[in-house]
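Undergrad: mind looking at a prediction? Sequence and model below.
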Amino acid sequence: MKPQPEPEAHTHDHDTKACASLSPSRLDTEPSPAHRDMRAGQLGPWFDRVEPRSGMSADAVPGSALLAPGSTAPASGSTAPASGSPAPASGSTAPASGSPAPASGSIAIGSDSPALASDQAAPGHGPATPTPGRSERGAVSVVQRPMRPAAESRDTEPSPGQVAPVPRQAAPAQPPVEPGQEHHQPALGQADRIRIVEPPHAPSTDPLHHPDPHTAAQAAAIENLLRCWVREHNLTCPHDGTLHIPLPAPGTALHAPVHYWSPTGWHRFGPPYLAGTPENTPPLDAAAVAALLVGVTITRGSRGTDNQAPRPTATHAPTPLTASEPDHPDPLDQTDPCDLIGRVADSARRVAMFLAERRAAPADGPDRFRAAEQGLVLGHPLHPTPKSRDGLSEIEARLYSPESRGSFPLNWLAVAPSVLSADSAWTERGRVVPAEQLTARLAGPGLPLPEDHGALPVHPWQLREVRRRPAVAALFDAGLIRDLGPHGDPWHPTSSLRTVHRTDTPAMLKLSLGLRITNSRRENLRKELHRGVEVHRLLRSGLTAQWQAAHPRFDIVRDPAWLGVTTPEGGPLPGLDVIVRHNPFGAADDVSCVAGLVSPRPYASARLTRHVDGAVHHGVDAPADVHLLMRSRLADVLTRLTVCTNRPRGAVAVEWFLRYLEQVVRPVLWLDSEAGIALEAHQQNTLVLLDPDGWPIGGRYRDNQGYYFRESRRADLAARLPGIGERSDTFVSDEVADERFAYYLGINNVLGLIGAFGSQGLGDERLLLAAFRRFLTHIATGPARLNTSLPARLLDSPVLRCKANLLTRLHGLDELVGPVDTQSVYVTITNPLHR
């Protein structure tokens, strides 16, 4: 991929930076009719005039092309001017602070409040009213007064149930510093002049912003547990603003104030407490909450939400009787409560360490791909143990964790040809390059590799572990494997920990790593190695040419080569397999996995600007007395676009989301339609490419585990690549493909993105859900319709099957072991897209 140009940067005395362009950049490909229709209404005068009134469906707002396709779209590249006012001239800056507040019903540019917020929260959506008369422990009290109209003040009070913002002085609107421009500063000296400029948004009293990293990490862990519980029990918004979870002991319950209720599951909660305890009782930590939830689950029996068991008092969505029955092993003797609780505590402890490190040094380095991979500080928002790494010491964690910006040299082994296995479809100038030749190049000069031996890179932690295994030790003792020691320049772990990256190399390496990360031990399986090469050959059979003709900015990050070790008897030896992955990104390419884009991480509550020798340097590491807030890269991108285009944030959010659907989601659906391949395109496997302004312009998919070849298309795929699936074990029934595709792309990826917009105050989830419905309708029935079952499934099914990470973790399941349809626990949840 060619490097993209950097946005122009201009420095002024008031610390503003000119945008790369005032108006949104045009898509490189012609938008589909669905995209044009949605833009026509969503980005027209309706967005500048009207907010949905209380109780009004987002799909029923007059003037929206969500309802009235065929409206006239603004000229490509133009901005949407405020109602009754001309658009600003190109190059003009955002309005300075102190300008009149927008009229009631419009959106304050730069506001952190949710765009297009209604006067009251619609039933089942948005912030809920907290239980009166009780303040939250360890956090500020929740404001229980009605929201003041926007015209009264820019510092509006929050709607009921939201955390109250702390008033602070207004300051000029400042577009955030782009990650690619926050590096190469000289050391901070006493003579340097630091100026702290307040951002246009008041910091929230959100517990994630707590100055103590331990407290913030505990809050994040508890919210994850509660989100999992709500999803896996299919609860709807509690009417009194508090989540009530009855506990096994009679008359006891766990209560948690609801700060924000998300239609897609990214809820926000205050600190939970046990009902009836005194006000001064210390707050519960994440391990205690996990123990309580595990106790409830075990008491109810193996079916978790069995109809005979006492249920939480938050409302359950109307679903079929079988909807609450998860697919997981029976009986409960397969559960390991202590393991889950310990991993919850371990995850929270590591997040606290990452937060402390990032608050001390928040600035990213020059490689944008690497910075994005290092940005998942909190991890999966719907997983109970997203950062648990039992088996790693703290010193090792700092070396091997992307969140700590760790780096390390690889250990290299010399493998005798008699026990070396390899395959390669990597070509250069039309010729296949053997895998062992690729790894020898990646090792660099000076590796003492014996003649005819293969150079096998190994993660240092993994090498220590596998040498204890008798089968591996026997090969070392026989001289068939030799340890060449650490060698070469350091490699940087990506978000998966086991895949490592260097900016200056043509390949990444996906190493085996036996650590338990989320739900699995991450040792490469031989079928996955075959699958990566097989997919590369399949794409080169002509499928890529067809795909790129329709979607030239989307592709798969290929895994075209691998090396491993076999036993003297010829069987695979687990734990030493390595995959050679293409590295298509340059340091300047603005590419991020979606999970990294939406994940909050520490940013300065005031932008730091340093003047050295007359030059201005942005993104300096924060002095110890500067408080840092949690903020996602997505929030920065949308804030910058809002200021640059002088448009309401809600309009910018919908435009960004629509471009994402066209540039990332539509190509994934095309592959299922044309080839019968469903991708496990969850947020960490999905990469989005951004232009210099921050608009989505393309995407990539990665992961040789996550392919589902439809059984119904076996003959078609075999015609493209004879023998496909024989060694990769990739064909599944259409039923399994449909279920997994709906979860990974529909729920985890797109609905998760909508939840990030809503929970971070960047957009109205109801409007984004309506936009997604419209997009799916065009895919299913429009003139450019695709032959994929996913749109109809997402639109028409009242319930969806969803992975239950809390139950999966409680039962100790490894998602890489066993048949694909029994590797995880799945439950049934209400479909927020169904009407």
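TA: Received the coordinates, thanks.

Undergrad: from now on I want contacts and neighbour counts done on CA atoms only, so please keep to that.
TA: Noted.

Undergrad: what's the helix or strand for the nearest residue to Asn234 once chain neighbours are set aside?
TA: Nearest residue to Asn234 in three dimensions, chain neighbours excluded: Ile829, at 5.3 Å (CA to CA, 6 or more residues apart in numbering). Taking DSSP states H and E as the definition, Ile829 sits inside strand 826-830.

Undergrad: likewise for Gly650?
TA: Assignment of secondary structure by DSSP H and E places Gly650 within helix 649-660.

Undergrad: just the CA coordinates of whichever helix or strand comes after that helix, formatted as PDB?
TA: Remark: after helix 649-660, the chain's next helix or strand is helix 666-675, criterion DSSP H and E. The C-alpha trace of helix 666-675 is given here as PDB (Å, rounded to 0.1, in the frame of the first residue of the first chain):
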ATOM      1  CA  ARG A 666     -19.800  -3.900   1.900                       C
ATOM      2  CA  PRO A 667     -16.600  -5.600   0.600                       C
ATOM      3  CA  VAL A 668     -16.900  -8.200   3.300                       C
ATOM      4  CA  LEU A 669     -20.500  -8.900   2.200                       C
ATOM      5  CA  TRP A 670     -19.400  -9.100  -1.400                       C
ATOM      6  CA  LEU A 671     -17.000 -11.900  -0.600                       C
ATOM      7  CA  ASP A 672     -19.700 -13.900   1.000                       C
ATOM      8  CA  SER A 673     -22.000 -13.200  -1.900                       C
ATOM      9  CA  GLU A 674     -19.600 -14.000  -4.700                       C
ATOM     10  CA  ALA A 675     -17.400 -16.700  -3.200                       C
END
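
Undergrad: so where is the stretch 551-700 of the chain shaky, pLDDT-wise?
TA: Within the stretch 551-700 of the chain, the stretches with pLDDT under 70 are 604-627.

Undergrad: also the stretch 151-300 of the chain?
TA: 151-204.

Undergrad: what bridges to the residue nearest to Asn234?
TA: In this entry, Ile829 is beta-bridged to Leu800, by DSSP bridges.

Undergrad: circling back to that earlier point, which elements pack onto the strand holding Ile829?
TA: Applying 3 or more CA pairs under 8 Å, 6 or more residues apart in numbering; DSSP states H and E, one finds that strand 826-830 contacts helix 213-232, strand 799-803.

Undergrad: tell me the angle of the helix holding Gly650 relative to helix 666-675?
TA: Compare the direction of helix 649-660 with that of helix 666-675 by axes from the mean of the first three to the mean of the last three CA atoms, to 10 degrees and you get 30 degrees.

Undergrad: could I get the CA-only coordinates of helix 649-660 as CSV?
TA: Taking Å, rounded to 0.1, in the frame of the first residue of the first chain, the C-alpha atoms of helix 649-660 are listed here in CSV:
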residue,chain,number,x,y,z
ARG,A,649,-21.0,16.3,15.3
GLY,A,650,-24.1,14.2,14.8
ALA,A,651,-24.0,14.8,11.0
VAL,A,652,-20.3,14.1,10.9
ALA,A,653,-20.8,10.8,12.9
VAL,A,654,-23.4,9.5,10.5
GLU,A,655,-21.3,10.5,7.4
TRP,A,656,-18.3,8.7,8.9
PHE,A,657,-20.4,5.7,9.7
LEU,A,658,-21.9,5.5,6.2
ARG,A,659,-18.4,5.7,4.7
TYR,A,660,-17.3,2.9,6.9
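
Undergrad: so what does that helix touch, helix or strand wise?
TA: Judged by 3+ CA pairs under 8 Å, 6+ apart, the packing partners of helix 649-660 are helix 33-42, helix 633-645, strand 696-701, helix 765-781.

Undergrad: quick check: angle from it to strand 696-701?
TA: Going by the same axes, to 10 degrees, helix 649-660 makes 50 degrees with strand 696-701.

Undergrad: ok, Asp452 to Gln437 distance?
TA: Distance of Asp452 to Gln437, computed by CA to CA, to the nearest Å: 11 Å.

Undergrad: quick check, Gly446 in a helix?
TA: No. With DSSP: H, G, I helix; E, B strand; the rest coil as the criterion, Gly446 is assigned coil and is not in a helix.

Undergrad: that one: how many residues sit nearby?
TA: A count of nearby residues for Gly446, using other CA atoms under 10 Å, gives 8.

Undergrad: hmm, the residue nearest to Asn234 is touching Glu232, no?
TA: Yes. Between Ile829 and Glu232 there is a contact under CA atoms under 8 Å: 7.4 Å.

Undergrad: rewinding a little: reformat the helices and strands packed on helix 649-660 as a markdown table; add mean neighbour count and distance to Ser401.
TA: As requested, the helices and strands packed on helix 649-660 are arranged in a markdown table below (neighbours: other CA atoms under 10 Å; distance: least, CA to CA, whole Å):
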| stretch | mean neighbour count | distance to Ser401 |
| --- | --- | --- |
| helix 33-42 | 23 | 39 |
| helix 633-645 | 24 | 20 |
| strand 696-701 | 24 | 22 |
| helix 765-781 | 22 | 33 |
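
Undergrad: closest one to Ile754 among those?
TA: helix 765-781 (5.9 Å; CA to CA).

Undergrad: give the rounded mean pLDDT of that closest one.
TA: Taken as a whole, helix 765-781 has a mean pLDDT of 98.

Undergrad: that helix - contacts with which helices or strands?
TA: If you count contacts as 3+ CA pairs under 8 Å, 6+ apart, helix 765-781 packs onto helix 33-42, helix 649-660, helix 752-759, helix 790-796.

Undergrad: a markdown table for these, including distance to Leu509?
TA: Formatted as a markdown table, the helices and strands packed on helix 765-781 follow (distance: least, CA to CA, whole Å):
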| stretch | distance to Leu509 |
| --- | --- |
| helix 33-42 | 38 |
| helix 649-660 | 28 |
| helix 752-759 | 28 |
| helix 790-796 | 33 |
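
Undergrad: can I get the helices and strands packed on strand 826-830 in JSON lines with mean neighbour count and distance to Val825?
TA: Below are the helices and strands packed on strand 826-830 laid out as JSON lines (neighbours: other CA under 10 Å; distance: least, CA to CA, whole Å):
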{"stretch": "helix 213-232", "mean neighbour count": "24", "distance to Val825": "10"}
{"stretch": "strand 799-803", "mean neighbour count": "23", "distance to Val825": "6"}
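
Undergrad: Gly514 is nearest to which of the ones you listed?
TA: Closest to Gly514 of those is strand 799-803 (CA to CA; 22.8 Å).

Undergrad: still on that earlier bit, can you say which of the helices and strands packed on helix 765-781 is packed in most?
TA: helix 752-759 (a mean of 26; mean count of other CA atoms under 10 Å).

Undergrad: run through the residues that contact Gly391.
TA: Leu515 (CA atoms under 8 Å, 6 or more residues apart in numbering).

Undergrad: any idea whether it is helix, strand or coil?
TA: Judged by three-state DSSP, the three-state class of Gly391 is coil.

Undergrad: make 29 the first number, not 1, from now on.
TA: Right, with 29 as the first residue, what we last looked at is Gly419.

Undergrad: so for it, what's the pLDDT?
TA: For Gly419, pLDDT reads 84.

Undergrad: can you tell me how far it is from Ser446?
TA: Gly419 sits 33 Å away from Ser446, going by CA to CA.

Undergrad: secondary structure element holding Leu717?
TA: Assessed by DSSP H and E, Leu717 sits inside strand 714-718.

Undergrad: each with direction, which strands does that strand pair with?
TA: Sheet pairing of strand 714-718 (DSSP bridges) gives strand 619-621 (antiparallel), strand 724-729 (antiparallel).

Undergrad: got a list of contacts for the longest one?
TA: Contacts made with strand 724-729 from outside it, assessed by CA under 8 Å, 6+ apart, are listed as 55-56, 581-585, 684, 687-688, 691-692, 709, 713-719.

Undergrad: coming back round to it: tell me the angle the helix holding Gly678 makes with helix 793-809.
TA: Using the same axes, to 10 degrees: helix 677-688 against helix 793-809 is 30 degrees.

Undergrad: so where's the stretch 429-578 of the chain uncertain?
TA: 546-548.

Undergrad: so where do the strands sit in it?
TA: 436-443, 448-452, 455-456, 459-460, 482-486, 509-521, 527-529, 535-538, 541-545, 548-550 (DSSP state E, counting those that start in this stretch).
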